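In: here are the coordinates; sequence isn't available:
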């Protein structure tokens, strides 16, 4: 793969990741979790902008041929209300891992030092997202209703987590 | 230690953690990092409220004797502009680890199921903070000027990270 194709695929992957976070944001009620998902979606949109800017700088006048469909569609998992929230978090975590590996691999084949630095940065940020999701999944496993609560209520003799 | 003392110490530790994040927030320029630090500070304030609420429910009419000074002051690290930002991040990461262990230990000595569930929750959230900080420190190590940049500029032939 050449650099323009790598950048186009990366832009598409960032769009797909943002889609997952935006869908998830509509599925949860926990205010803290909504903030985190919003933050993650914003990060992916920012990455997309970084990649587009890099493309314009390196290939002025050329058109970035972003794939019209997801590059690596998730098998058996769709962004609809029938898919359990926990599955979507696991999907997102897998996507972050893929993105980290993709950027690492891309860095290995790119020679331009600016491009390499950006790809290195992106791979590290995606790894940080991976760890954020890993922690959230740990919370979801332990407190299955966590995502569905407006906030944690500590009332009477009840640690009320459910809605 | 009895439950009221555990809760009082925990409240103090949450205040100290929020102080670190608030100080750090004033030291960095990177917008994404400021958002993360704000989020972390908000979380600690929320934990403090959870602990205070638990205390009121379990010990109505009693006064929560929160220590007036940090319980475990950081040796050789003070919250002032002379301390490198990277050291403060490492301090915060160590504090999150301590908090996780503290809540785990507290859970082991508390019998009340509501209290245990809350302590379990708090230990897991502090672990998630630990991982967030670990990722940020990784970025700081790799891109030392990262914290000092308004945003990542990708210009001409320059991946401009510095201010």
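Out: Perfect, thanks for sending it. No experiment lies behind these values; they were computed from the predicted model shown.
In: in chain A, which helix has the most residues?
Out: Scanning chain A for the helix with the most residues, using DSSP state H, yields helix A:113-142.
In: Alongside chain B, which residues does chain A contribute?
Out: By Cβ under 8 Å from any Cβ of the partner chain, the residues of chain A that approach chain B are A:32, A:35-36, A:39, A:43, A:46, A:50, A:53-54, A:57, A:114, A:117-118, A:120-121, A:124-125, A:127-128, A:131-132, A:134-136, A:138-139, A:142-143, A:152, A:154-159. The way it works is simple: take the backbone N, C-alpha and C, and place the C-beta from them, glycine included.
In: hmm, back to that, and the longest helix of chain A, what does it pack onto?
Out: Contacts defined by 3 or more Cβ pairs under 8 Å, 6 or more residues apart in numbering or on different chains; DSSP states H and E place helix A:113-142 against helix A:31-58, helix A:85-109, helix B:113-142, strand B:158-160.
In: quick revisit: of the residues of chain A next to chain B, keep whichever come out buried.
Out: Neighbour-count burial (16 or more other Cβ atoms under 10 Å in any protein chain shown) is assigned, among the residues of chain A next to chain B, to A:32, A:35-36, A:39, A:43, A:46, A:50, A:54, A:57, A:114, A:117-118, A:120-121, A:124-125, A:127-128, A:131-132, A:134-136, A:139, A:143, A:152, A:154, A:159.
In: For the nearest residue to residue A:19 once chain neighbours are set aside, list the residues it contacts.
Out: Spatially, and ignoring its direct neighbours in sequence, residue A:19 is nearest to residue A:79 (6.5 Å; Cβ to Cβ, 6 or more residues apart in numbering or on different chains). Neighbouring residues of residue A:79 by Cβ atoms under 8 Å, 6 or more residues apart in numbering or on different chains: A:19, A:20, A:23, A:88.
In: could you flag which of those are buried?
Out: So, by 16+ other Cβ under 10 Å, the buried ones in the contacts of residue A:79 are A:20, A:23, A:88.
In: gap between the second one and residue B:75?
Out: Looking back up the chat, that one is residue A:23. Note on residue A:23: its distance to residue B:75, by Cβ to Cβ, to the nearest Å, is 46 Å.
In: do the same with the first one
Out: In this structure, residue A:20 and residue B:75 are 43 Å apart, going by Cβ to Cβ.
In: try the last one
Out: Distance, residue A:88 to residue B:75, using Cβ to Cβ: 44 Å.
In: I figured residue A:38 hits residue A:26, correct?
Out: No. Judged on Cβ atoms under 8 Å, residue A:38 makes no contact with residue A:26 at a distance of 11.1 Å.
In: Throw the contacts of residue A:79 into JSON lines and include pLDDT and secondary structure, thanks.
Out: Output for the contacts of residue A:79, formatted as JSON lines (pLDDT from 0 to 100; DSSP: H, G, I helix; E, B strand; the rest coil):
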{"residue": "A:19", "pLDDT": "95", "secondary structure": "helix"}
{"residue": "A:20", "pLDDT": "95", "secondary structure": "helix"}
{"residue": "A:23", "pLDDT": "96", "secondary structure": "helix"}
{"residue": "A:88", "pLDDT": "94", "secondary structure": "helix"}
